[in-house]
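> Next one to model:
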Amino acid sequence: MTAGGPFFYEAVTSFMAHPLRLIVGLGNPGREYAATRHNAGAWFVDALATRLNVALRGEPKFYARVAGSEPRIAIPETFMNRSGLAVASLARFYRVSPGEILVAHDELDLKPGAVKLKLGGGFAGHNGLKDIASAIGTGEFWRVRIGIGHPRDGALSEQEVADFVLHPPTRDERPAIDDAIARVLVVWPRLASGETERAMHELHTRPRGDTPPKAAAP
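Predicted coordinates for the structure are as follows:
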């Protein structure tokens, strides 16, 4: 049996009807990692905390910094590959089903400035997502995929990719990533109320004539 237990499978068929109750931003703890690409999910939750006017505070029993009530937002204080500890602890204690969970994370397969919302799917080698799925017993939770780009120019080794995500984005990339996060905040009221399909449509659709943000120095 997985750490999450069977309750995590309740109401699988009614995911779309539930408001999101737990928003988690992935990253690595510590000042040395705060500005790295792998912490893009944590940047989103920090921005959301500002939007909601709440302060994230350390909650050791949840292995995370946590704020708010409904919805509750959190940034795990474990390293990325143990992100499931925080998500499973919070979801079990507050009886949050997988379809009520939104995980924001960095996405190598999207360019900086791109952002996608999806329910479930694979992990594309993302250790944080894999650990969460293992901890709660399913990968059927919502994800905000924040593009950070990929260093590939042909095939790269796993180590080269790992080195890429653990470095800060360039001066051209960071404004584009911040713009993507800002666009998720625009559709936040939809997400908070459970209008996930509508939020997805609005997030993925740019007005005619709109172009992706140009890179600019901070």
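> and Ile75, that one's in a strand?
Yes. Assignment of Ile75 by DSSP: H, G, I helix; E, B strand; the rest coil places it within a strand.
> which residues touch it?
24-27, 42, 45-46, 56, 64-65 (C-beta atoms under 8 Å, 6 or more residues apart in numbering). The way it works is simple: take the backbone N, C-alpha and C, and place the C-beta from them, glycine included.
> Next step: these restricted to helices.
Judged by DSSP state H, helices contain the following of the contacts of Ile75: 42, 45-46.
> Tally up the residues packed near Ala180, please.
28 (other C-beta atoms under 10 Å).
> ok, it to Val103 distance?
Distance from Ala180 to Val103, counting by C-beta to C-beta, to the nearest Å: 16 Å.
> Now His126: closest residue in space that isn't a chain neighbour?
In space, and not counting its chain neighbours, His126 is closest to His105: 6.2 Å by C-beta to C-beta, 6 or more residues apart in numbering.
> returning to what we had before: which single one of the ones in helices among the contacts of Ile75 is nearest to Pro169?
Proximity to Pro169 was ranked across the ones in helices among the contacts of Ile75 by C-beta to C-beta; first place goes to Ala42, at 13.7 Å.
> Pretty sure the closest one sits against Ile23.
No. Between Ala42 and Ile23 there is no contact under C-beta atoms under 8 Å: 11.4 Å.
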